[in-house]
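K.L.:
okay, sequence plus prediction incoming.
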Amino acid sequence: MRADAILLDLGVSSMQIDRPERGFSYAADAPLDMRMDPSAELSARELVNESSERELEQIFRRYGEERYAKQIVRAIGRRRREQPFERTLELVETIRAAIPAPARFGEGHPAKRVFQALRIAVNDELGALEQALPSATAMLRPGGRLAVISFHSLEDRIVKRFMRDRERGCTCPPDFPICVCGKEPELRSLSKRAVRPGAEEIAHNPRAASARLRAAVKA
């Protein structure tokens with residue numbers, strides 16, 4: 001099957017996020033779950049209680065870009081040695097107590113980055129994106145368009161790198177006098193930079209504020 005256009009919307013389903021019992025939100029008390037697919041084996045509860053402190057720190061830094069990852073992980077370690085985490089607000093309270101007081105009141109909710117990181121890790125969101133991009137490109141007809149809407153910098157970096165690599169074509173080392181790989185450019189980006197929502201769109205849909213759109217045409 002060939003397609004003329006494919007749109008990948010990487011936004012998390014509001015229907016899932018807005019259901020407190022799914023455990024995605026740091027604003028409501030619920031089981032520590034965060035699975036998009038309820039039948040999946042790994043939940044946030046297992047990740048928080050069973051991962052090593054080093055693994056958790058890497059998750060918080062890589063997927064949440066959390067500057068206080070080390071302090072938070074130490075606090076999690078102390079808490080879970082006494083009693084395992086079961087509820088979202090137990091984790092929120094631990095995070096809040098672990099970070100410096102000034103950081104609790106700036107740049108949004110103090111648990112935002114950790115919850116983002118856990119959600120990404122539990123659902124392997126970045127791995128799924130890395131698999132989806134080449135599959136979507138392969139499905140396009142020549143002249144077909146691929147558009148991707150991402151909602152945080154980690155996703156956008158993957159999309160940007162993928163489109164740039166497929167736009168370049170040749171993979172020969174720079175010191176080769178001529179191309180010997182024969183690889184041709186596969187995509188052509190439609191804009192140099194990601195397209196961002198305007199003030200009017202954000203006013204109607206505040207959740208669009210962090211959206212980034214990148215699009216390309218298949219050669």
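P.N.:
In hand now; what should we look at?
K.L.:
where exactly do the strands run in the chain?
P.N.:
3-9, 140-150, 187-189, 212-218 (DSSP state E).
K.L.:
helices and strands around the third one, which ones?
P.N.:
Identification of packing neighbours for strand 187-189 by 3 or more C-beta pairs under 8 Å, 6 or more residues apart in numbering; DSSP states H and E yields helix 153-168, strand 212-218. For every residue, glycine as well, the C-beta is placed using N, CA and C.
K.L.:
could you report the separation of the closest residue to Arg212 other than its chain neighbours from Asp156?
P.N.:
Leaving aside its sequence neighbours, Arg212 sits nearest to Ala194 (C-beta to C-beta, 6 or more residues apart in numbering; 3.9 Å). Separation of Ala194 from Asp156 (C-beta to C-beta, to the nearest Å): 6 Å.
K.L.:
hey, what's in contact with both of those two?
P.N.:
Common neighbours of Ala194 and Asp156 (criterion: C-beta atoms under 8 Å, 6 or more residues apart in numbering): Ser150, Arg212, Arg214.
K.L.:
out of these, who's nearest His204?
P.N.:
Arg212 (18.0 Å; C-beta to C-beta).
K.L.:
touching, that closest one and Ala147? I think so.
P.N.:
No: with contact defined as C-beta atoms under 8 Å, Arg212 does not reach Ala147; the gap is 11.2 Å.
K.L.:
verify the stated contact: Gly169 with Glu184.
P.N.:
Yes: between Gly169 and Glu184 there is a contact at 5.0 Å, judged by C-beta under 8 Å.
K.L.:
mind checking which of those two has more residues around it?
P.N.:
Between Gly169 and Glu184, counting by other C-beta atoms under 10 Å, Gly169 is the more crowded of the two (16 against 9).
K.L.:
so what's the more buried one up against?
P.N.:
Counting by C-beta under 8 Å, 6+ apart, Gly169 touches Lys183, Glu184, Pro185, Glu186.
K.L.:
and what of Lys112?
P.N.:
Here Lys112 is in contact with Tyr26 (criterion: C-beta under 8 Å, 6+ apart).
K.L.:
for Arg212 and Ala147, indicate the residue with more neighbours.
P.N.:
Shown here are Arg212 and Ala147; by other C-beta under 10 Å, Arg212 has more neighbours (20 against 17).
K.L.:
what's the spacing between that one and Ser191?
P.N.:
Distance from Arg212 to Ser191, by C-beta to C-beta: 11 Å.
K.L.:
Asp33 now?
P.N.:
As for Asp33, its distance to Ser191 is 38 Å (criterion: C-beta to C-beta).
K.L.:
and stretch 94-102, end to end?
P.N.:
One end of stretch 94-102 sits 16 Å from the other (C-alpha to C-alpha, to the nearest Å).
K.L.:
and the spatially closest residue to Gly77 that is not a sequence neighbour, how many neighbours?
P.N.:
Leaving aside its chain neighbours, Gly77 sits nearest to Glu53 (5.0 Å; criterion: C-beta to C-beta, 6+ apart). Neighbour count for Glu53, taken as other C-beta under 10 Å: 13.
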